[in-house]
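[1] Need the 3D shape of this:
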Amino acid sequence: MAQVCFSIARESYSAMGHACSKKSTAEVKSTAPAQAGGAPAGDGKLKVALIYYTMYGHVKTLADQVKAGLEQGGAEVTMYQVPEILPEEVLKKMGAPPKPADTVLDHAMVDSLPDFDAFVFGFPTRFGMMCSQFKSFIDGTGGLWMAGKLAGKPCACFTSTGTQGGGAETTILTAITQLTHHGMLFVPVGYSTQDILNLDEMHGGSPYGAHTLANGDGSRQPSDLEKRIAVHQGTHCANLFKKLTAEPAGGKPKIAIIYHSAYGHVKTLAETIKASVEAAGGEPTVIVLSGEITHADGKNSAVSQDVVDSLPNYDGFLFGSPTRFGMISSVLKTFWDQTAGLWLGGKLVGKPAAFFTSTGTQGGGTETTPLTCVTQFTHHGMVFVPIGYTCQDILNIEEMHGGSPWGASTYAGADGSRQPTPLELKIATHQGGYFTNIVKKSIA
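    As a prediction, the model looks like this:
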């Protein structure tokens, strides 16, 4: 069955003008006809699907606020709720109120989703991740995944939890794995609103997205502050969605390739990506992190402060680091810690960012290393750009290779003796060009 699915995926991507051959799926327009259930008409306005699940009404309340913000930002919003999978008698025992009147997104409507330009997803937490109702909806999008229909589409998330620290971050962070496999661009709120910094009252809301505290029994309703954050998320997303879905600009985007390489493997990927950025019409600048710059106070830094201060001048960023126990290296983390001043000033909010890595073994950090860098992107409010399965070579199961929906990677071997293969370099080449095309849109 798995072989059949991968064959279909290969054929679907090839039919679309596959990214690893001629052009990226980010450049391919959906040709699916508009279908029943509120699919948008082609009038040139930003079309956003706001898809949510609510049991006790908290997520619905936030959804209405996010919708208002999106509309204030000039978007045309279609709201859907995902189907309920619990029996009615179970819902009654749980004290769940009647469902809202918004259209239920049944399986017949899923094929119309590519007609939207962007998406906002809302769901309550269940043990620190999305609820099963929403996961069931995501699992039903396999056909869209196989055809790459959502690749390159920007999206955002919001949530509801019972307690403080009860899933406000992890519920959305674990949702990013689903979005990454689709190749969707994750647009966080970051700290683009001062309300998230508020310590005068208890409230939800994080760099990942709007959020409300419902209490364990669902008795607490979204506060005015939480609603403000939700409205802000809507307007913030509308503005960035417009940029990320625009026609590519004619100028050369300035792209910084920032990396740390211990044994040369990440450097080789970086050089390959640099050549691809140039070939795609970008203007790359390579910044090598060393962790050996010693200051008068005896402390080390990964790069000079002048370089850090220059980062807002770039349009996009590609970061590379070898894995260290399943996460980014201490050198790259030192770099991120040096950017606190940029964080305070919101200087990197909305900037596209991507990641590539090197691991010693198969399954030794190929996915978790990028994931730990996404947390850094999110706090800065940067847009995470995965490659998803826009590169057919990631589907290759005929030879051992690195590369994942998160980005290019190579297996170095535990002793560093293995060098990047032609297939791994091919994936890196794709990532550089694909990312450049996304950045071109963001600066249009």
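[2] Please name the nearest non-neighbouring residue to Thr339.
    Leaving aside its chain neighbours, Thr339 sits nearest to Val308 (5.9 Å; criterion: Cβ to Cβ, 6 or more residues apart in numbering). For the C-beta atoms, the positions are set from N, CA and C on the backbone; glycine is no exception.
[3] what about Thr221, how many residues close to it?
    To be clear, residue 221 is Gln; Thr isn't right here. Per other Cβ atoms under 10 Å, the neighbour tally for Gln221 reads 15.
[4] let me fix that: Tyr389
    26.
[5] For the strand or helix carrying the residue nearest to Thr339, C-alpha coordinates in CSV please.
    Secondary structure assignment for Val308, by DSSP states H and E: helix 305-310. Extracted in CSV, the C-alpha atoms of helix 305-310 (Å, rounded to 0.1, in the frame of the first residue of the first chain):
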residue,chain,number,x,y,z
GLN,A,305,27.4,42.2,16.7
ASP,A,306,27.7,44.2,13.5
VAL,A,307,26.6,41.2,11.5
VAL,A,308,23.6,40.7,13.9
ASP,A,309,22.6,44.3,13.6
SER,A,310,22.6,44.0,9.8
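[6] Show me what it is in contact with.
    Ile287, Phe335, Gln338, Thr339, Gly341, Leu342 (Cβ atoms under 8 Å, 6 or more residues apart in numbering).
[7] Once you drop chain neighbours, what's closest to the last one?
    In this case it means Leu342. Nearest to Leu342 is Leu348, by Cβ to Cβ, 6+ apart, at 5.5 Å.
[8] tell me the SS of the one you found?
    In terms of secondary structure, Leu348 is coil; the call rests on DSSP: H, G, I helix; E, B strand; the rest coil.
[9] Contacts only, for it.
    By Cβ under 8 Å, 6+ apart, the contact set of Leu348 is Leu311, Pro312, Thr339, Leu342, His380, Gly381, Met382.
[10] residues contacting the residue nearest the centre of the chain?
    Closest to where the C-alpha atoms of the chain average out (Cα atoms, centre = their mean) is Phe186, at 2.5 Å. The neighbours of Phe186, taking Cβ under 8 Å, 6+ apart as the test, are Cys155, Ala156, Cys157, Ile176, Leu179, Thr180, Val374, Thr378, Val383, Phe384, Pro386.
[11] Keeping just the C-alphas, turn whichever strand or helix holds Val90 into PDB.
    Following DSSP H and E, one finds Val90 within helix 88-93. The C-alpha coordinates for helix 88-93 follow below in PDB (Å, rounded to 0.1, in the frame of the first residue of the first chain):
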ATOM      1  CA  GLU A  88     -24.500  12.700  20.000                       C
ATOM      2  CA  GLU A  89     -25.200  10.800  23.300                       C
ATOM      3  CA  VAL A  90     -21.600  11.100  24.300                       C
ATOM      4  CA  LEU A  91     -21.600  14.900  23.600                       C
ATOM      5  CA  LYS A  92     -24.700  15.300  25.800                       C
ATOM      6  CA  LYS A  93     -23.100  13.400  28.700                       C
END
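[12] next helix or strand past that helix?
    Of the helices and strands lying after helix 88-93 in sequence (DSSP H and E), the nearest is strand 103-104.
[13] Just put the contacts of Leu348 in JSON lines and tack on distance to Ser132.
    Listed next are these as JSON lines, based on distance: Cβ to Cβ, whole Å:
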{"residue": "Leu311", "distance to Ser132": "41"}
{"residue": "Pro312", "distance to Ser132": "42"}
{"residue": "Thr339", "distance to Ser132": "38"}
{"residue": "Leu342", "distance to Ser132": "39"}
{"residue": "His380", "distance to Ser132": "32"}
{"residue": "Gly381", "distance to Ser132": "30"}
{"residue": "Met382", "distance to Ser132": "30"}
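[14] Tell me the one among those residues nearest to Lys93.
    Taking Cβ to Cβ as the measure, Lys93 lies nearest Gly381 of the contacts of Leu348, at 41.6 Å.
[15] Please verify my assumption that that closest one contacts Gly350.
    Yes. Here Gly381 reaches Gly350: they are 6.4 Å apart, a contact under Cβ atoms under 8 Å.
[16] neighbour-wise, which of these two wins?
    Gly381 (23 against 19).
[17] Excluding sequence neighbours, find me the nearest residue to the more buried one.
    Leaving aside its chain neighbours, Gly381 sits nearest to Gly190 (2.1 Å; criterion: Cβ to Cβ, 6+ apart).
[18] What's the separation between that neighbour and Phe384?
    The spacing between Gly190 and Phe384, counted by Cβ to Cβ, to the nearest Å, is 11 Å.
[19] hey, what's in contact with both of those two?
    Residues touching both Gly190 and Phe384 by Cβ under 8 Å, 6+ apart: Thr378.
[20] hmm, back to that, for the record, mean pLDDT for the helix holding Val90?
    Confidence over helix 88-93 (mean pLDDT, whole number) is 92.
[21] How about stretch 276-290?
    Here the average pLDDT along stretch 276-290 is 97.
[22] Could you do stretch 208-228 as well?
    What stretch 208-228 shows for mean pLDDT is 94.
[23] on that earlier part again, quick check on the contacts of Leu348: which are buried?
    Leu311, Thr339, Leu342, His380, Gly381, Met382 (16 or more other Cβ atoms under 10 Å).
[24] Find me whatever residue is spatially closest to the fourth one, sequence neighbours aside.
    If I follow you right, that is His380. Nearest non-adjacent residue to His380 (Cβ to Cβ, 6+ apart): Leu348, at 4.4 Å.
[25] Which pLDDT value does the model give the one you found?
    Looking at Leu348, its pLDDT reads 98.
[26] Same check on Gly17?
    For Gly17, pLDDT reads 34.
[27] quick one: contacts for Lys440?
    Lys440 makes contact with Pro248, Ala249, Pro253, Gly281, Gly282, according to Cβ under 8 Å, 6+ apart.
[28] Quick one: the contacts of Phe186 as JSON lines, columns for neighbour count too.
    What follows is those, written out as JSON lines (neighbours: other Cβ atoms under 10 Å):
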{"residue": "Cys155", "neighbour count": "24"}
{"residue": "Ala156", "neighbour count": "31"}
{"residue": "Cys157", "neighbour count": "28"}
{"residue": "Ile176", "neighbour count": "22"}
{"residue": "Leu179", "neighbour count": "25"}
{"residue": "Thr180", "neighbour count": "25"}
{"residue": "Val374", "neighbour count": "22"}
{"residue": "Thr378", "neighbour count": "26"}
{"residue": "Val383", "neighbour count": "26"}
{"residue": "Phe384", "neighbour count": "24"}
{"residue": "Pro386", "neighbour count": "29"}
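[29] Looking at those residues, which is nearest Ala96?
    Looking across those and measuring by Cβ to Cβ, the closest to Ala96 is Cys157, at 22.1 Å.
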